[in-house]
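*Asks:* Sequence plus predicted model, see below.
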Amino acid sequence: MPDPAHQGAYAANLVGGLADAGVDMAFISPGSRNTPLTLAFAAEPRIRDISIRDERSAGFAALGYAKATGVPAVVVCTSGSAAAHYLPAIVEANQSATPMIVLTADRPLRLRGTGAPQTMDQANLYGSHVKMFVDLDTSAVSAARDDAVELVSAAVSLPGGVAHANAPFDEPLVPEAPVPPSMPRSIDDESIQPTPVADIAQALNDRAVMLVVGGRGGAALSKVVNSIAATLDAPVFADPQTNLTGPNVLRYGDLVTAAHDEDDNPIALGAHTPDVVLRLGPIPTAKPMWRWLEVSGVDQILIDSTRLADPLGSADRVIDGDPATVLGDLTVEPSSDRSFLDAWLTMDATVAAVVEAVLPELGFPNEPQIAATIAASVPGHSILFVGSSQPIRDLDAFGTARPAVSVIANRGVNGIDGAISTALGAALTGTQTTLYIGDLTALHDISALGEVQRLGAPLRIVVVNNDGGGIFSLLPQARSGWVPEAVYERHWGTPHGLAIAPIARALGLGARTVSTRAELADGLNAPIDVPELIEIATDRRAVLGHHVSLRRAVARALQGFGIGEEHIGS
């Protein structure tokens, strides 16, 4: 019979090794087979252990925690189908280079392939979506700390991603006496640090440069981007997640670059084309920009810590490295001509005036103005987690970045699943967090509202309810002219007729509805002391008209740059 104390000692040393390497959060779902791991995490004072009943929700919570902190969280589950529920969060973590450690408990090796209850093949369960898989030898107590360091190193080394360890445990699972936690030990930090990469200054000197920055930002990236942009007199086109602000950062870059003439040619990028585009991180949310990058023929340098090829296939040079590290090593010559920058800043200021004038004319509630209000009104020194589909696009187009607000989104695979759980994980860092999502995204993860209420994290959820899939109003499915309305409504519009606030209240969460901009702004400004939900209803059928009105107004305002009215494609 196996010695449960021996298994417990392995688990204690594994968990101790994770703590030694800097891990400080574990999300554990209830189960029997993971008992040795659960007991070890509960006994380790350096790691906070939180119970999340649904493994799918736990996976996204770990994802959110890592997105907010950069530190990999651990998820722990029992054997069998429980492990399969982590896959959506693992895919997002993989695609967005977010570190995560997955510990799946398993039945002993002798039961594999026998049809034993709650047993399935968990080896390489997540395939190519993880950076590392290891079947742990839970009898090798002396190897446990090395196993832990290997897991953390794989998760955080560039590009970040998921390390999966499968831990077979035999019965009995509970030792006769508690297994003490292992003593802290120092580890070689170099084993989990990225390596700097080369200099690229030669390609940027004496040229009209534009910086296009995607992915997650941070203080280090912000500092070097603003420094190099100032030296090169380069405009900066930044995705909301970069959290970039500064004198050269375009406030409304999405709207400026989205304007096309009546022949569907890009206006600003046609009138003021850069000689070279320095791309940092993944492609931005704004489709007009990355579509232009695909076909422009302009010299492009991509710096990204990724194991993937350039998704646009248009970069002339790809440097595999952390953008902040690479730019920190650059020495570039100061620009002698800022006319290129001035042209872009003037266009940006022109568009800002248009947005500020037109938004109030649309009548509230309209979704572009909701996005602008959310960006301007969430508490300072907080996190704004933005759902995929329309919210991230509206924030990109109409919201203005604030230096004290960190924007996070699941833009690895751009899915709407697990948004509430991901935001919960971010809020469990202790930082006030606002979640901005649509109604279908809320319904997809609605059971997580019960966990939000139970854990009491500082999370405010704002749901824009347009009774269905509002984003499709802007896509060809709604505008082709040949899709019957009944078919469109059934498969894309998907009206549900549900109010979200009563569902939240039924799950014990404080919830209310608002209908005016002042109510929304006041509700967002207040400190987030307890979790709550705010719902605001909009008209899904008005979404297209609002966007067309705004973008046509932008194009008209840019006519002084040799531009005609924007063409709204079919």
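*Replies:* Received, thanks.
*Asks:* quick one: the helices in the stretch 401-550 of the chain?
*Replies:* 419-427, 439-444, 448-455, 476-479, 485-488, 500-506, 517-525, 543-557 (DSSP state H, counting those that start in this stretch).
*Asks:* Single out the most deeply packed of these.
*Replies:* helix 419-427 (a mean of 30; mean count of other CB atoms under 10 Å). Glycine gets a C-beta too; all of them are placed from N, C-alpha and C.
*Asks:* Could you export that helix as CSV, keeping only the C-alpha atoms?
*Replies:* The C-alpha trace of helix 419-427 is given here as CSV (Å, rounded to 0.1, in the frame of the first residue of the first chain):
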residue,chain,number,x,y,z
ALA,A,419,-15.0,37.1,-18.8
ILE,A,420,-16.6,37.5,-15.4
SER,A,421,-14.3,34.8,-14.0
THR,A,422,-11.2,36.5,-15.5
ALA,A,423,-12.2,39.8,-14.1
LEU,A,424,-12.7,38.1,-10.7
GLY,A,425,-9.2,36.8,-10.8
ALA,A,426,-7.9,40.3,-11.5
ALA,A,427,-9.9,41.8,-8.7
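*Asks:* In the stretch 151-300 of the chain, where is pLDDT below threshold?
*Replies:* Along the stretch 151-300 of the chain, segments meeting pLDDT under 70 span 186-199.
*Asks:* Double-check residue 169 against residue 103; I have them as touching.
*Replies:* No. Counting by CB atoms under 8 Å, residue 169 stays clear of residue 103, with 11.1 Å between them.
*Asks:* any common contacting residues for the two?
*Replies:* Common contact partners of residue 169 and residue 103 (CB atoms under 8 Å, 6 or more residues apart in numbering): residue 34.
*Asks:* Would you mind telling me which of the helices of the stretch 401-550 of the chain is nearest residue 155?
*Replies:* helix 419-427 (15.4 Å; CB to CB).
*Asks:* Now do that closest one against helix 448-455: the angle between them, please.
*Replies:* Counting by axes from the mean of the first three to the mean of the last three CA atoms, to 10 degrees, helix 419-427 lies at 30 degrees to helix 448-455.
*Asks:* now helix 419-427: how far from the chain's centre is it?
*Replies:* Mean-position distance between helix 419-427 and its chain equals 11 Å (CA atoms, centre = their mean, to the nearest Å).
*Asks:* by contact count, what packs against it?
*Replies:* Contacts defined by 3 or more CB pairs under 8 Å, 6 or more residues apart in numbering; DSSP states H and E place helix 419-427 against helix 55-69, strand 382-386, strand 433-438, helix 439-444, helix 448-455, strand 459-465.
*Asks:* will you turn the ones you listed into CSV that also has mean pLDDT and distance to residue 82?
*Replies:* Shown next, in CSV, are those (pLDDT from 0 to 100; distance: least, CB to CB, whole Å):
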stretch, mean pLDDT, distance to residue 82
helix 55-69, 96, 5
strand 382-386, 97, 26
strand 433-438, 97, 26
helix 439-444, 93, 20
helix 448-455, 96, 16
strand 459-465, 97, 25
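*Asks:* could these go into CSV alongside distance to residue 392?
*Replies:* Below are those laid out as CSV (distance: least, CB to CB, whole Å):
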stretch, distance to residue 392
helix 55-69, 14
strand 382-386, 5
strand 433-438, 9
helix 439-444, 11
helix 448-455, 19
strand 459-465, 12
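*Asks:* right, and these - which one's nearest residue 477?
*Replies:* Nearest of the helices and strands packed on helix 419-427 (CB to CB): helix 439-444, 14.9 Å.
*Asks:* helices and strands around that closest one, which ones?
*Replies:* So helix 439-444, by 3+ CB pairs under 8 Å, 6+ apart, packs with helix 419-427, strand 459-465, helix 500-506.
*Asks:* could these go into TSV alongside distance to residue 236?
*Replies:* Output for these, formatted as TSV (distance: least, CB to CB, whole Å):
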stretch	distance to residue 236
helix 419-427	25
strand 459-465	28
helix 500-506	37
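*Asks:* what about residue 101, how many neighbours?
*Replies:* Using other CB atoms under 10 Å, residue 101 is surrounded by 26 other residues.
*Asks:* That one - that's part of a strand, no?
*Replies:* Yes. The assignment for residue 101 is a strand, going by DSSP: H, G, I helix; E, B strand; the rest coil.
*Asks:* thinking it is in contact with residue 73, fair?
*Replies:* Yes. If you go by CB under 8 Å, residue 101 and residue 73 touch, sitting 7.3 Å apart.
*Asks:* Which neighbours do the two have in common?
*Replies:* Shared contacts of residue 101 and residue 73, defined by CB under 8 Å, 6+ apart, comprise residue 23.
*Asks:* Spit out the contact partners of residue 284.
*Replies:* By CB under 8 Å, 6+ apart, the residues touching residue 284 are 212-214, 237-239, 290, 396.
*Asks:* Kindly recompute the last result at 10 Å.
*Replies:* Taking CB atoms under 10 Å, 6 or more residues apart in numbering, we find residue 284 in contact with 212-215, 237-242, 253-254, 257, 290, 293, 396, 411.
*Asks:* got it, and residue 461?
*Replies:* Residue 461 neighbours (CB under 10 Å, 6+ apart): 385, 419-420, 423-424, 433-437, 442, 448-449, 452, 500, 504, 509, 511, 531-535.
*Asks:* For it, name its beta-bridge partners.
*Replies:* Judged by DSSP bridges, the bridge partners of residue 461 are residue 435, residue 533.
*Asks:* before we move on, back to that, figure out which of the helices and strands packed on helix 419-427 is closest to residue 322.
*Replies:* Closest of the helices and strands packed on helix 419-427 to residue 322 is helix 55-69, at 16.2 Å (criterion: CB to CB).
*Asks:* and whatever helix or strand comes next after the closest one, what's its mean pLDDT?
*Replies:* As assigned by DSSP states H and E, the chain's next helix or strand after helix 55-69 is strand 73-77. Regarding strand 73-77, the rounded mean pLDDT is 97.
*Asks:* ok, how many other residues are close to residue 430?
*Replies:* Neighbour number of residue 430 under other CB under 10 Å is 9.
*Asks:* give the contact list for it.
*Replies:* 68, 457-458.
*Asks:* From the residues you listed, keep the buried residues only.
*Replies:* Buried members of the contacts of residue 430, scored by 16 or more other CB atoms under 10 Å, are 68, 457-458.
*Asks:* can those residues go into TSV with extra columns for distance to residue 522?
*Replies:* Below are the buried ones among the contacts of residue 430 laid out as TSV (distance: CB to CB, whole Å):
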residue	distance to residue 522
68	26
457	22
458	18
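*Asks:* And these, which is closest to residue 524?
*Replies:* residue 458 (13.5 Å).
*Asks:* Quick check: bridge partners of residue 301?
*Replies:* The residues listed as beta-bridge partners of residue 301 by DSSP bridges are residue 278, residue 317.
*Asks:* Tell me the pLDDT of it.
*Replies:* Residue 301 is assigned 92 on the pLDDT scale.
*Asks:* just residue 562 next, same as before
*Replies:* For residue 562, the predicted pLDDT is 49.
*Asks:* try residue 327
*Replies:* Per the predicted model, pLDDT is 86 at residue 327.
*Asks:* and the gap between it and residue 372?
*Replies:* Using CB to CB, to the nearest Å, we find residue 327 at a distance of 30 Å from residue 372.
*Asks:* surely residue 377 meets residue 514?
*Replies:* No. Using CB atoms under 10 Å as the test, residue 377 is too far from residue 514 to be in contact (11.7 Å).
*Asks:* I'd say residue 386 and residue 370 touch.
*Replies:* No. With contact defined as CB under 10 Å, residue 386 does not count as touching residue 370 (11.9 Å).
*Asks:* These two: which has the busier surroundings?
*Replies:* Set residue 386 next to residue 370 and count neighbours by other CB under 10 Å: residue 386 wins out with 30 against 24.
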